[in-house]
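Asker: 3D, please:
(one chain, ligands or ions: 1)
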Amino acid sequence: MSAAIPPILLVGFGKMGGAMLAGWRERGLDSAVAVDPAAPASPGPEVIVVPDAGAILSDFAPAAVVLAVKPQNADASLPLFARYAGSAVFLSIMAGKTVAGMRGLLGEAAIVRAMPNTPAAIRQGITVAFPGPGVTPAQRGLCDTLLQAVGQVAWVEDEGLIDPVTAVSGGGPAYVFLLAELLERAAVEQGIPPDLARLMARQTVAGSGALLAASTDDAAVLRKAVTSPKGTTERALAVLMADEAWPALISRAIAAATARSRELAG
Ligand SMILES: NC(=O)c1ccc[n+]([C@@H]2O[C@H](COP(=O)([O-])OP(=O)(O)OC[C@H]3O[C@@H](n4cnc5c(N)ncnc54)[C@H](OP(=O)(O)O)[C@@H]3O)[C@@H](O)[C@H]2O)c1
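Answerer: Below you'll find the predicted structure:
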């Protein structure tokens, strides 16, 4: 029986590339070559790790080339993989690298541009992907399978939406972790011992996320279920939900990150 995932060339075997490779292996990976100058240890017999493009055997024929290097390494590294442009689909998870910018480095390649997030490390990510020109339905299906291995996947047909996606779900874990930090700090301010404050903050964020994931209710419904009239939570939410507080701050933060993503685009 053939493997669920055909041969893949992974460029950049760091945090994100490593998480994806682990997900593919769980699903049944035919074979992969991972290119990374740090040459981390191979995670298994079906994966060959090489330090540079020159060390890839000439008969290796990947169905997809997954670009998972930092964006600042793209200009130097992408042209080394242009030889696969006729036969493989390129799947880029690099922040800020547009399809047009990558085509400038790869030629007339079929490129899917995707934005995952760090919960991919535990297969709980959300990736939003955009298919560039010339991506066939089969190539799109393969990219969908590769991304599904680390969480949920959604597709957009407008590349411009990748900027707000970067701001909301790409960076989103950072905002949630900030909430955990601030809850912990506020608990200590109210006299709770630091160890207990840390436990409460972490488990509140983690447990609320799990409840949200397990529920079909809107977040607002789950919020209201915690909020009794004239109670303690209502008092806190009156502070947080004042016009100038979270509603305005979150809008401004997301607008700022979206604008920065547009500035970085190239
Ligand atoms: N982390 C996130 O939240 C997130 C979310 C969405 C998208 N992304 C995107 O995912 C990409 C990877 O991010 P990451 O957090 O996984 O970074 P990372 O851990 O630094 O991984 C990048 C890896 O690529 C290696 N590398 C550098 N130059 C290379 C080359 N020329 N050829 C092959 N490999 C090379 C790096 O090695 P060295 O360490 O030796 O340089 C490193 O192991 C980035 O483009 C980022 O924009 C990240």
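Asker: Report the separation between the residue nearest to Trp155 when sequence neighbours are not counted and the ligand.
Answerer: Counting by C-beta to C-beta, 6 or more residues apart in numbering, Ala129 is the residue found nearest to Trp155 once chain neighbours are left out, at 5.3 Å. (Each C-beta comes from the backbone N, C-alpha and C, glycine too.) Look at Ala129 and the ligand: by C-beta to the nearest ligand atom, to the nearest Å, they are 12 Å apart.
Asker: my read is Ala129 is in a helix, agree?
Answerer: No. Going by DSSP: H, G, I helix; E, B strand; the rest coil, the assignment for Ala129 is strand, not a helix.
Asker: Test for you: state the pLDDT assigned to the residue nearest to Val135 when sequence neighbours are not counted.
Answerer: Leaving aside its chain neighbours, Val135 sits nearest to Ala110 (4.6 Å; criterion: C-beta to C-beta, 6+ apart). You'll see Ala110 listed with a pLDDT of 98.
Asker: isn't Ala110 right up against Gln139?
Answerer: Yes. Ala110 is within contact range of Gln139, at 5.6 Å (criterion: C-beta atoms under 8 Å).
Asker: where along the stretch 101-250 of the chain do the strands fall?
Answerer: Taking DSSP state E, counting those that start in this stretch to define them, one finds strands in the stretch 101-250 of the chain at 110-115, 125-131, 151-155.
Asker: Of those, which stretch is the most buried?
Answerer: When the strands of the stretch 101-250 of the chain are scored by mean count of other C-beta atoms under 10 Å, the highest mean neighbour count falls to strand 110-115 (a mean of 25).
Asker: could I get that one in CSV with only the CA atoms?
Answerer: Presented in CSV, the C-alpha positions along strand 110-115 are these (Å, rounded to 0.1, in the frame of the first residue of the first chain):
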residue,chain,number,x,y,z
ALA,A,110,3.1,26.6,-8.5
ILE,A,111,3.2,28.1,-5.0
VAL,A,112,0.8,27.8,-2.1
ARG,A,113,1.4,30.5,0.6
ALA,A,114,0.3,29.4,4.1
MET,A,115,0.3,31.0,7.5
